[in-house]
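Visitor: Sharing a sequence plus its predicted fold:
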Amino acid sequence: MQRLSNLETLYVNTVIERQIDETRLEEIKRLLGEQKRQVLPEISHYTSPLVERFRDKLSELEYERALLLREFTPEHQEVKDLTYEIEQTQQVLAEEVKGLMEADLPTLDPLATYKNLLNEMIDLQLSISTQKRREAVLAKTVDHYVNQLENLADKEIEVSRLRYKIEVKKNTYERFLQKKEQVELSIAMETGDVQVLDYAFSALDLTGHQKATTMAWSMVAALLGATGIAFFLDMNDKRIKNEGEVKKVLGLPLMGMVPKIRLPHRGGLVETVAHYEEGTPYAESFRKLRTQIEFKSIDTPLKTILCTSTRQEEGKTTVITNLGISFAQKGERVLIVDCDLRRPALHKSFATRRSPGLSDILVEDTAWQQVVQETDIPNLYILTSGERPRNPSELLGSARMKTLIEQFSAQFDRVLFDISSVLAVTDSAVLGPICDGVILTVKAMEVPRDYILQAIEILNSVGSNMLGVALNGVKISRRSYYYYYYSEEALAGNHTAAAQPS
């Protein structure tokens, strides 16, 4: 993760340096004037066999440096040595090109200012050319690391599960060995010529009352033993299981519980069940989530809401989709934006096209009104992800993205964002502070609480407004489910009534 952060920093710094150089280059050309620019062609027009060799060498050195940065930091001695060699090659190449241009322009303005501008222009053009090559190599390297880290959290969780299974099987195997030794010992102690003369009898002749008492105490001991084992297993289970653990362990309010129930698939559109199965407890869970958000919006407006998760496959897309449907059913004009530019899923939920989408708006400056899609559900609109860009985090944190969010807020009553999981990439940390609030989707009995706490810490550290947790995939009985949701809705209704003027 640290190497990826260093590479992304290098990439961004390179882009910024190139943009600064290009701005300065335009300023120098403006100072040289229209007539003098006509006699000053681009540096790429001046070439010779020696210049071409130096340019090829420079490209090779930049590629070698990018490979080293995959394993070492910029402060490593090998990286420093290669950086110094690149700088020396750039200097020699600049001197060679200057010599070609001076030979070609022997009668130009002799003033020192003009010559200084000419030399600076050559240096800038050479620097820009080098930086562009460096950008391309760094972008490929960053993509390489992103692909490796996207599933890192899942792999670590799977390793923990496998270690637990190994420990259980090891203990079981040891118990079998002990039992086997006991059996072998009992067989070895048997003698073939022993004859039973009389059967043993109990030293104590227990009465019926004594037998009942003994049996009762045995049952109590067995019950206590079973309770102790269950308590021990529960204490060692580090996953979030219920409402109480969300508030106690995570320190965040529970915004809603989505039950784990089987629902009929409607052409692959199970994520939109809040629309097709309005009367089910599953749909009611999202109305409760909507009510919680509306209650929190009394003092502070919550128009832009980000939904993320600790890791992949926790149901964040399902939660944000059905939450948007719930708001639309109430009459609000809702836009759902798929900001998960690496593994988008919103277009699958609505069985629609993926591109053009958000990435096309950010990269190609396409008008968002031409890309937003209207769904079959009244008042509900979606903006899919588009094709995967080279630098998703930079696009989501750009000024263009902030402007888009402001425009969306002006045109829609509610804007909901679906984004990549927190521990996989930095996208949630980039977009979280820009939105009015963040909901963390947690799948019950799946993710260790340490991972969830780490995700919350990351979001809090960048200034995100954490609204609470949506607990997904909860196994609850019908009676407890209805008690929880109808009591919560009654409480929310009382708060709403109290907030209205009489």
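Guide: The structure has been received and is ready for your questions. Residues are numbered from 1 along each chain as shown.

Visitor: quick one: the helices in the stretch 301-450 of the chain?
Guide: 316-329, 346-349, 358-364, 392-396, 399-411, 427-431, 449-461 (DSSP state H, counting those that start in this stretch).

Visitor: Could you pick out the longest strand of the chain?
Guide: strand 466-474 (DSSP state E).

Visitor: Adjacent strands (with direction) for it?
Guide: strand 254-259 (parallel), strand 437-443 (parallel) (DSSP bridges).

Visitor: can I get the ones you listed in CSV with mean neighbour count and mean pLDDT?
Guide: C-beta coordinates here come from the backbone N, C-alpha and C atoms, glycine included. CSV is the format used below for these (neighbours: other Cβ atoms under 10 Å; pLDDT from 0 to 100):
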stretch, mean neighbour count, mean pLDDT
strand 254-259, 23, 88
strand 437-443, 25, 93
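
Visitor: Out of those strands, flag the one nearest residue 85.
Guide: When these are compared by Cβ to Cβ, strand 437-443 sits nearest residue 85, at 46.3 Å.

Visitor: which residues touch the closest one?
Guide: 240, 246, 250, 252, 255, 293, 296, 302, 304-310, 313-316, 319, 422, 428, 432, 452, 455-456, 459, 464-473 (Cβ atoms under 8 Å, 6 or more residues apart in numbering).

Visitor: and what of stretch 321-338?
Guide: Contacts for stretch 321-338 (Cβ under 8 Å, 6+ apart): 271-275, 278, 283, 286-287, 289-290, 293, 307, 320, 344-347, 349, 357-358, 372, 377-385, 408, 411-418.

Visitor: Any buried residues in it, and which?
Guide: Across stretch 321-338, burial judged by 16 or more other Cβ atoms under 10 Å covers 321-329, 332, 334-338.

Visitor: and the two most separated of those?
Guide: 329 and 338 (20.8 Å).

Visitor: This structure - how does it break down into domains?
Guide: 2-149, 243-497 (automatic domain parsing).

Visitor: could those domains be laid out in CSV, adding distance to residue 169?
Guide: Shown next, in CSV, are these (distance: least, Cβ to Cβ, whole Å):
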stretch, distance to residue 169
domain 2-149, 30
domain 243-497, 21
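
Visitor: ok, now how distant is residue 388 from residue 9?
Guide: Per Cβ to Cβ, to the nearest Å, residue 388 is found 21 Å from residue 9.

Visitor: In terms of neighbours, single out the busier of these two.
Guide: Using other Cβ atoms under 10 Å as the criterion, residue 388 and residue 9 rank with residue 388 on top: 14 against 11.

Visitor: Might you report the residue contacts of the more buried one?
Guide: 341, 342, 359 are the contacts of residue 388 under Cβ under 8 Å, 6+ apart.

Visitor: Pipe the residues you listed into JSON lines and attach distance to residue 260, neighbour count and pLDDT per row.
Guide: JSON lines is the format used below for the contacts of residue 388 (distance: Cβ to Cβ, whole Å; neighbours: other Cβ atoms under 10 Å; pLDDT from 0 to 100):
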{"residue": "341", "distance to residue 260": "29", "neighbour count": "24", "pLDDT": "91"}
{"residue": "342", "distance to residue 260": "27", "neighbour count": "19", "pLDDT": "90"}
{"residue": "359", "distance to residue 260": "34", "neighbour count": "25", "pLDDT": "92"}
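
Visitor: out of those, which one sits closest to residue 23?
Guide: residue 359 (25.9 Å).

Visitor: Relative to residue 17, how far out is that closest one?
Guide: In terms of Cβ to Cβ, residue 359 sits 25 Å off from residue 17.

Visitor: just residue 374 next, same as before
Guide: 43 Å.

Visitor: Quick check: residue 124 touching residue 28?
Guide: Yes: under the criterion of Cβ atoms under 8 Å, residue 124 makes contact with residue 28 at 7.1 Å.

Visitor: who's more crowded, those two?
Guide: Set residue 124 next to residue 28 and count neighbours by other Cβ under 10 Å: residue 124 wins out with 22 against 17.

Visitor: Need the pLDDT of the closest residue to residue 260 other than its chain neighbours.
Guide: Of all residues not flanking residue 260 in the chain, residue 473 sits nearest, at 4.3 Å (Cβ to Cβ, 6 or more residues apart in numbering). Model confidence at residue 473, given as pLDDT, is 84.

Visitor: and if you look at residue 155?
Guide: 70.

Visitor: One more: residue 25?
Guide: 77.

Visitor: In space, what's closest to it - neighbours in sequence excluded?
Guide: residue 124 (4.5 Å).

Visitor: about what we covered before: what about residue 374 and residue 17, which has more around it?
Guide: Set side by side, residue 374 and residue 17 show more neighbours around residue 17, with 15 against 10, by other Cβ under 10 Å.

Visitor: how about that one, what does it touch?
Guide: With Cβ under 8 Å, 6+ apart, residue 17 has these contacts: 127, 131.

Visitor: To which secondary structure element is it assigned?
Guide: helix 2-38 (DSSP states H and E).

Visitor: Helix or strand next in line after that helix, which one?
Guide: Criterion used, DSSP H and E; the element after helix 2-38 is helix 49-69.

Visitor: May I see the buried residues of that next one?
Guide: Neighbour counts over helix 49-69 (16+ other Cβ under 10 Å) mark 51, 54, 55, 58, 59, 61, 62, 64, 65, 66, 68, 69 as buried.

Visitor: measure the second one to residue 438 for me?
Guide: Noted for residue 54: a distance of 51 Å to residue 438, by Cβ to Cβ.

Visitor: now the last one
Guide: In this structure, residue 69 and residue 438 are separated by 33 Å, where distance is defined by Cβ to Cβ.

Visitor: and residue 72, how many neighbours does it have?
Guide: Residue 72 has 15 nearby residues by other Cβ under 10 Å.

Visitor: so it touches residue 78, yeah?
Guide: Yes: Residue 72 is within contact range of residue 78, at 6.4 Å (criterion: Cβ under 8 Å).

Visitor: rewinding a little: so for the residue nearest to residue 25, what's the pLDDT?
Guide: 78.

Visitor: list the contacts for it?
Guide: Contacts of residue 124 (Cβ under 8 Å, 6+ apart): 21, 22, 24, 25, 28.

Visitor: now, among the residues you listed, which is nearest to residue 134?
Guide: residue 21 (12.3 Å).

Visitor: Point out where the stretch 51-200 of the chain drops to low pLDDT.
Guide: Low-confidence regions of the stretch 51-200 of the chain, defined by pLDDT under 70, span residues 98, 100-118, 149-154, 156-157, 160-161, 164, 168, 175, 179, 182-200.

Visitor: can you rerun that using 80?
Guide: 51-74, 90, 93-127, 129-131, 133-135, 137-165, 167-200 (pLDDT under 80).

Visitor: State the mean pLDDT of stretch 299-315.
Guide: 90.

Visitor: which parts of it are buried?
Guide: Buried residues in stretch 299-315, defined by neighbour count with 16+ other Cβ under 10 Å: 302-312, 314-315.

Visitor: what's the span of that stretch, first residue to last?
Guide: 29 Å (Cα to Cα, to the nearest Å).

Visitor: So that it lines up with my notes, have the first residue be 689 from now on.
Guide: Taking 689 as the first residue, the last one we looked at is stretch 987-1003.

Visitor: Run a quick neighbour tally on residue 862.
Guide: For residue 862, using other Cβ under 10 Å, the count is 10.

Visitor: Now it: which helix or strand?
Guide: Judged by DSSP H and E, residue 862 forms part of helix 840-877.

Visitor: hmm, back to that, kindly calculate the angle that the longest strand of the chain makes with helix 1137-1149.
Guide: If you take axes from the mean of the first three to the mean of the last three Cα atoms, to 10 degrees, strand 1154-1162 sits at 150 degrees to helix 1137-1149.
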